[in-house]
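S.K.: Quick one, fold the following:
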Amino acid sequence: MSHTAHIPSHRKPRRSASKLALRAGVAGGVLSTIAVAGAAGPAHAEPVTETIEMPTLGSLGTDLASAVSASAEASQQEALDQSLMAQENAALQKAAQEAKKAKAEADRKAAAERAEKARAEAEAKAERERAEAAERAARAEARAQLATTSASTSDDDGSSESSRSTTSRSDGSDSGTSASEEETTQAPASGSAAAIVSFARAQVGDAYVSGGTGPNSWDCSGLVQAAYRAAGIDLPRISYQQSSMGTSVSLSDLQPGDILYWGSRSGSYHVAVYVGGGMYVGAQNSSTGVVERSLDWDPPSGAVRIL
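M.R.: All right, here's what the predicted structure looks like:
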C-alpha cells in the first residue's frame, strides 16, 4: 500500500454560495425590521427596569393539577345538585298526584254519603207515611172487629141463657151432661183475641228497647207477653219459649191473636202478634219501634195458637 494513499478529510464541506446568500438576506431583513421598529419607537424610551419571573415547570404542573381537581369537584357537586333537584321534583310530583287522588276519593265518599243520607231520609219518610196509613187502617179494622165481637158476645150470652134454661128443666142426669157439653164448647175461661189485638195496636208508635216490658218501650217478646196478659194469659218472657207454646198453625190459616215467630219454633229470635187482615204488630227494632206491618213486608217462619 502506497504511503501517499488518500486520507478522507473530516472538514465540513463548504456551503454553497446560494445558501450563504439566502442566509445573509434573511439576517439583513431581520436587522432592517429591528431598525425600523427602533426608529418608530419613542425618542426617549426608558430602559426596562422590571423583570418578569416566568413560572417554572414544577409550579405549572401543581397549579394545573389543582385546577383539574377543583374542576372535577365542581362537576361532581353539580351532578349531585342536579340529582337532588330531580329527586325533589319527583317527590313533589308524586305528592301532588297523591293529594289529587286523595281529594278525588274524599269527594267521591262525600257524594256517596250525601246520596245515602238522602236515600235514607226518603225511605224513612216513606216508611213513616206507610206506618201512619197502616195504623189508621188498623185502628179502623180494630174498631170494626170490636163491634163485631161485641155483637157476637151478646148473641152468645143469649144462647147461653137459653141453654141454661133448658138444662134447668131437664132431670139430674141430663143436667150433668148438658153442663159438661157447655163447658167444653165455651171459649177459654180467660183470654180474648180482641183484647190481645187491641192492646198490641194501642202500643204502635212506642219505642223499641232491648229487654223492654212497657209501658212505653218494648222488645218483641215483652210486647207479646203484655198483650196476652191483657187477656188474662201468662206467657213466658223469652221469644223461643213463647213460640214453643200452644199449637202450631199454618200461615194460611191464621186468626187474630196468633203468635208469629221468625226462626225455628223452638229457637225463634223474633215474635209478633197477628192482628188480622194479613197484618201483624211487633216491636221490630230501635229504628222503627212498635209498628204494624204486612206479612209480605217480613214473612214469618211460622205461627202458634194459644187461645
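
S.K.: contacting residues for A106?
M.R.: Going by CB atoms under 8 Å, 6 or more residues apart in numbering, A106 touches no other residue. (Each C-beta comes from the backbone N, C-alpha and C, glycine too.)

S.K.: Kindly report the same for P236.
M.R.: Under the criterion of CB under 8 Å, 6+ apart, the contact list for P236 reads 225, 242, 245.

S.K.: now do M245
M.R.: The neighbourhood of M245, defined by CB under 8 Å, 6+ apart, consists of 235-236, 259, 304, 306.

S.K.: if I look at it, how far off is E105?
M.R.: Taking CB to CB, to the nearest Å as the measure, M245 and E105 are separated by 55 Å.

S.K.: quick one: which of the contacts of P236 is nearest S69?
M.R.: Taking CB to CB as the measure, S69 sits nearest to Q242 out of the contacts of P236, at 97.6 Å.

S.K.: Return the list of helices and strands in contact with the helix or strand where the closest one lies.
M.R.: Element membership of Q242 [criterion: DSSP states H and E] is helix 239-243. Identification of packing neighbours for helix 239-243 by 3 or more CB pairs under 8 Å, 6 or more residues apart in numbering; DSSP states H and E yields helix 220-230, strand 259-264, strand 267-276, strand 302-305.

S.K.: Out of those, which gets nearest to D81?
M.R.: When the helices and strands packed on helix 239-243 are compared by CB to CB, strand 267-276 sits nearest D81, at 71.6 Å.

S.K.: Give me the buried stretch members for the closest one, please.
M.R.: Judged by neighbour count using 16 or more other CB atoms under 10 Å, the buried positions of strand 267-276 are 268, 270-276.

S.K.: which of those sit farthest apart?
M.R.: Set against one another by CB to CB, the buried residues of strand 267-276 have their most distant pair in S268 and G276, with a gap of 21.3 Å.

S.K.: hmm, back to that, run through who's touching the helix or strand just after the helix holding Q242.
M.R.: Tracing the chain C-terminally past helix 239-243 and defining elements by DSSP H and E, one meets strand 247-249 next. Residues from elsewhere that reach strand 247-249, judged by CB under 8 Å, 6+ apart: 255, 258, 265, 302-305.
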